[in-house]
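# Kindly generate the corresponding structure for this input.
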Amino acid sequence: MSLSVLIWLPLAISVVASALPARVTPKLTGVLSFATLGVAIDFLIRFHASTAGLQFYGVHNWISALGIHYAVGATGLNIVLALLTAVLFTIAMVWSSMREIDRPKQYFFWFGLAESAVLGAFFAQDLILFVAFFDLMLIPFYFLVGMWGSGDRVHAAVKLVIYTAVGSFLMLAGAIATGVLAASHYGTHISFLYSTLRSLPLPAGSQDWIFLCFTIAFLVKMPLTPLHGWLAEAYKSMPIPAVAVFSGVLSKVAAFGFLAIVLPIFPQASRQLQMLMLIIGVVAVLWATVMAFTTHDGRLVIAYSSVAQLGFIVLGIFSLKPAGAQGALLQMVNHGVVTAALFFVLAAVAARAGGSESLDDMGGIAFRAPVLATMFLIVILANLAMPGSANFVGEFMILLGLFTAKLPLAIIASLGTIGAAYYGLRIFIGAMHNRAGAKVGGQGGGRDLTWRDAIAIVPLAAIIVFLAFYPQFGLRRSQASANAAIAAAHAQRSTATAVVQQSSATGAARRTGVATTGPTGQSAPRFVSAESTTTESSR
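Residues are numbered from 1 along each chain as shown. Next up is the predicted model:
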């Protein structure tokens with residue numbers, strides 16, 4: 001079975017469901033979404049965890065004249081994230097199917113398109129294909145916010161698009177420059193395949209500015225300080241299923257891009273600008289922690305908590321240590337499950353507080369809804385990385401890598417773990433205990449967890465408990481690929497030397513009339529510029 005089946009199945013389901021009567025679309029989409037989940041599980045079972053290279057690889061010429069390919073493949077970096085995507089989108093669509101949704105055909109179509117775009121971005125093995133999927137992810141959420149959001153939803157949707165469009169434009173420019181400059185620098189045919197670009201490292205100056213283009217795009221999408229300007233309004237306006245998958249999955253595409261694209265293709269820039277990225281990560285952790293302290297809006301507490309966790313993920317990646325990278329990957333999965341669960345719990349709690357998401361209107365719900373309070377406690381303890389949870393393992397490995405790389409920054413970042421305990425317990429106690437809010441106990445206020453809420457919350461809580469007992473589920477599958485990504489970030493010198501030697505051999509062979517080929521049977525690079533030759537000689 002091709003990975004393309006997994007990538008395009010959600011869109012196909014949504015198109016078919018949208019062609020049927022509106023009363024049928026929600027239930028049919030909710031049921032058929034399990035087909036995508038089943039296919040994702042099948043690929044995970046057949047994935048060989050000990051292999052760092054590509055599996056289920058498929059490549060086809062897309063635009064031959066421009067060297068653009070439709071290339072997809074699975075690695076330890078993306079296989080578990082793909083399963084996370086299928087899980088969260090399935091839960092979001094089932095949760096939505098249990099409620100009255102205005103214009104359900106369009107609603108579920110945009111969800112299906114979003115899931116296909118996310119899966120495509122994870123599995124893409126061509127830089128332009130990745131950019132295409134990365135940009136495609138934005139379109140559904142523009143409509144989901146603008147049409148089904150709340151509050152000033154149109155302004156929030158426009159702000160989201162402006163921020164992410166600017167970042168996407170910079171990434172597109174950087175992607176095109178990478179392929180063109182690599183081909184020009186080494187005299188090869190233009191190609192945007194990851195494997196080709198990794199073997200043709202650019203000069204340091206070119207790597208630096210292209211690295212910054214990708215970094216801006218990824219930091220906007222995550223988002224991290226100082227490129228978070230769209231966060232509060234968009235998260236407040238999104239419908240609960242949309243904000244759950246956006247925070248749980250879409251932000252991980254950006255973090256994944258650092259590991260799968262930036263470190264291997266721009267290794268010298270990754271080392272050169274490591275301190276900048278670590279400072280951004282530390283600032284994001286501390287800023288988000290302070291913001292979570294001060295806001296009384298439950299949704300924004302979760303949003304800022306998410307930013308803090310993403311800051312830790314960036315710290316793990318740019319520690320440039322295997323332990324940090326593995327911890328970051330594990331934390332991507334942990335954070336995706338936990339933050340989605342928190343948003344669904346918030347929706348259930350708000351329904352018992354007169355529809356308000358303000359902590360001031362909550363309180364005293366635990367006595368009326370003990371099962372809901374238990375689910376909330378499981379999720380919040382995982383969010384604050386309580387020892388024994390998978391989040392604790394992820395943060396421990398991130399800080400282990402960071403302590404090895406930059407001790408002072410690791411000490412400062414550790415303050416974020418203390419802050420998480422405060423704002424995590426603050427939202428739980430404020431919602432579940434303390435004096436009952438004025439709106440608690442009214443219509444729906446006395447109900448415990450209903451099956452319509454449980455359909456989302458209970459499976460996510462079960463996954464949290466499972467990962468707490470067996471974090472190796474993610475670690476074992478990602479270890480080889482994470483180690484390879486970190487090794488690639490430290491390997492430019494040997495790679496560039498090999499390219500120079502190959503080019504020298506090609507020149508000598510031409511003078512003697514002997515033909516040479518590269519390791520894949522293709523012609524070796526035709527020339528090496530003076531800049532790269534000088535760089536290697538100086539080493």
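# so when I look at residue 225, I'm seeing a helix, right?
No. Read with DSSP: H, G, I helix; E, B strand; the rest coil, residue 225 is coil and lies in no helix.
# how many neighbours does it have?
Residues within reach of residue 225, counting by other CB atoms under 10 Å, total 20. Quick note: C-beta positions are derived from backbone N, CA and C, even for glycine.
# what do you get for residue 205?
By other CB under 10 Å, 11 other residues sit near residue 205.
# Please apply the same query to residue 40.
So residue 40, with other CB under 10 Å, has 23 neighbours.
# Wait, it touches residue 82, no?
Yes. Using CB atoms under 8 Å, residue 40 is in contact with residue 82, at 5.6 Å.
# Need the overlap of contacts for the two.
Counting by CB atoms under 8 Å, 6 or more residues apart in numbering, the shared contacts of residue 40 and residue 82 are residue 6.
# can you give me the strands in the stretch 1-150 of the chain?
For the stretch 1-150 of the chain, the strands defined by DSSP state E, counting those that start in this stretch cover 55-63, 68-74.
# which other residues reach the last one?
Contacting residues not belonging to strand 68-74 are listed as 2-4, 7, 43, 47, 54-62, 82, 120, 123-126, 128-129, 191-194 [CB under 8 Å, 6+ apart].
# Quick check on those residues: which are buried?
For the contacts of strand 68-74, a burial check counting by 16 or more other CB atoms under 10 Å picks out 3-4, 7, 43, 47, 54, 56-57, 62, 82, 120, 123-126, 128-129, 191-194.
# Going along the chain, name the helices of the stretch 201-350 of the chain.
Counting by DSSP state H, counting those that start in this stretch, the stretch 201-350 of the chain has helices at residues 204-221, 231-237, 240-245, 251-257, 263-265, 267-272, 274-294, 298-318, 322-351.
# JSON lines for the ones you listed, including distance to residue 377?
JSON lines is the format used below for the helices of the stretch 201-350 of the chain (distance: least, CB to CB, whole Å):
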{"stretch": "helix 204-221", "distance to residue 377": "31"}
{"stretch": "helix 231-237", "distance to residue 377": "23"}
{"stretch": "helix 240-245", "distance to residue 377": "19"}
{"stretch": "helix 251-257", "distance to residue 377": "25"}
{"stretch": "helix 263-265", "distance to residue 377": "37"}
{"stretch": "helix 267-272", "distance to residue 377": "40"}
{"stretch": "helix 274-294", "distance to residue 377": "18"}
{"stretch": "helix 298-318", "distance to residue 377": "15"}
{"stretch": "helix 322-351", "distance to residue 377": "10"}
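# Of all those, which one is nearest residue 110?
helix 240-245 (8.8 Å; CB to CB).
# and the contacts of strand 68-74, which of them are in helices?
3-4, 7, 43, 82, 120, 123, 128-129, 194 (DSSP state H).
# among the residues you listed, which two are most distant?
43 and 128 (23.9 Å).
# returning to that earlier point: of all the helices of the stretch 201-350 of the chain, which lies closest to residue 164?
So among the helices of the stretch 201-350 of the chain, helix 204-221 is nearest, using CB to CB, at 5.7 Å.
# got a list of contacts for that closest one?
134, 163-164, 166-168, 170-171, 173-174, 177-178, 181, 201-202, 227, 230, 250-251, 253-255, 257-258, 261-262, 266-270, 272-273, 277, 280, 535.
# Dump the helices of the stretch 201-350 of the chain to TSV, plus distance to residue 418 and mean pLDDT.
Formatted as TSV, the helices of the stretch 201-350 of the chain follow (distance: least, CB to CB, whole Å; pLDDT from 0 to 100):
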stretch	distance to residue 418	mean pLDDT
helix 204-221	25	95
helix 231-237	23	92
helix 240-245	27	95
helix 251-257	23	94
helix 263-265	30	95
helix 267-272	29	94
helix 274-294	9	94
helix 298-318	11	94
helix 322-351	17	94
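# do you know which of those lies nearest residue 21?
helix 240-245 (21.9 Å).
# Against which helices or strands is that closest one packed?
Here helix 240-245 touches helix 79-97, helix 104-123, helix 138-148, helix 322-351, going by 3 or more CB pairs under 8 Å, 6 or more residues apart in numbering; DSSP states H and E.
# helices or strands up against the following helix or strand past the third one?
Same thing as helix 138-148. Later in the chain than helix 138-148, the nearest helix or strand by DSSP states H and E is helix 153-186. The helices and strands touching helix 153-186, judged by 3+ CB pairs under 8 Å, 6+ apart, are helix 127-136, helix 138-148, helix 194-198, helix 204-221, helix 231-237.
# let's see it at 7 Å
Counting contacts by 3 or more CB pairs under 7 Å, 6 or more residues apart in numbering; DSSP states H and E, helix 153-186 packs against helix 127-136, helix 138-148, helix 204-221, helix 231-237.
# any idea of the angle the third one forms with helix 127-136?
Looking back up the chat, that one is helix 204-221. Angle, helix 204-221 to helix 127-136, by axes from the mean of the first three to the mean of the last three CA atoms, to 10 degrees: 20 degrees.
# how far does helix 204-221 sit from the chain's center?
17 Å (CA atoms, centre = their mean, to the nearest Å).
# still on that earlier bit, distance to residue 74 added to the helices and strands packed on helix 153-186, as a markdown table?
Listed next are those as a markdown table, based on distance: least, CB to CB, whole Å:
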| stretch | distance to residue 74 |
| --- | --- |
| helix 127-136 | 14 |
| helix 138-148 | 24 |
| helix 204-221 | 21 |
| helix 231-237 | 31 |
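# ok, back up a step: in a markdown table: the helices and strands packed on helix 240-245, plus distance to residue 483.
Below are those laid out as a markdown table (distance: least, CB to CB, whole Å):
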| stretch | distance to residue 483 |
| --- | --- |
| helix 79-97 | 15 |
| helix 104-123 | 19 |
| helix 138-148 | 32 |
| helix 322-351 | 5 |
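# got the contact list for the spatially most central residue of the chain?
By CA atoms, centre = their mean, the mean C-alpha position of the chain lies nearest to residue 252, the distance being 0.8 Å. Residues near residue 252 by CB atoms under 7 Å, 6 or more residues apart in numbering: 81, 332, 336.
# Just the element for the nearest residue to residue 95 once chain neighbours are set aside, please.
Nearest non-adjacent residue to residue 95, counting by CB to CB, 6 or more residues apart in numbering: residue 456, 4.4 Å away. Element membership for residue 456 (DSSP H and E) is helix 451-469.
# can you give me the mean pLDDT across the helix or strand following that helix?
Following helix 451-469 in sequence order, the next helix or strand is helix 472-489 (DSSP H and E). The pLDDT scores in helix 472-489 average 90.
# Remind me what helix 472-489 packs against, helices and strands.
For helix 472-489, the packing partners by 3+ CB pairs under 7 Å, 6+ apart are helix 79-97, helix 263-265, helix 267-272, helix 322-351.
# closest one to residue 370 among those helices?
Of all the helices and strands packed on helix 472-489, helix 322-351 comes closest under CB to CB, at 13.1 Å.
# and the angle for the closest one with helix 298-318?
Counting by the same axes, to 10 degrees, helix 322-351 lies at 170 degrees to helix 298-318.
# mind giving me the domain ranges of the protein?
Here the domain parsing of the chain from automatic domain parsing is 274-490, 505-538.
# deepest of these, which one?
Mean neighbour count (mean count of other CB atoms under 10 Å) peaks for domain 274-490 among the domains of the chain, with a mean of 21.
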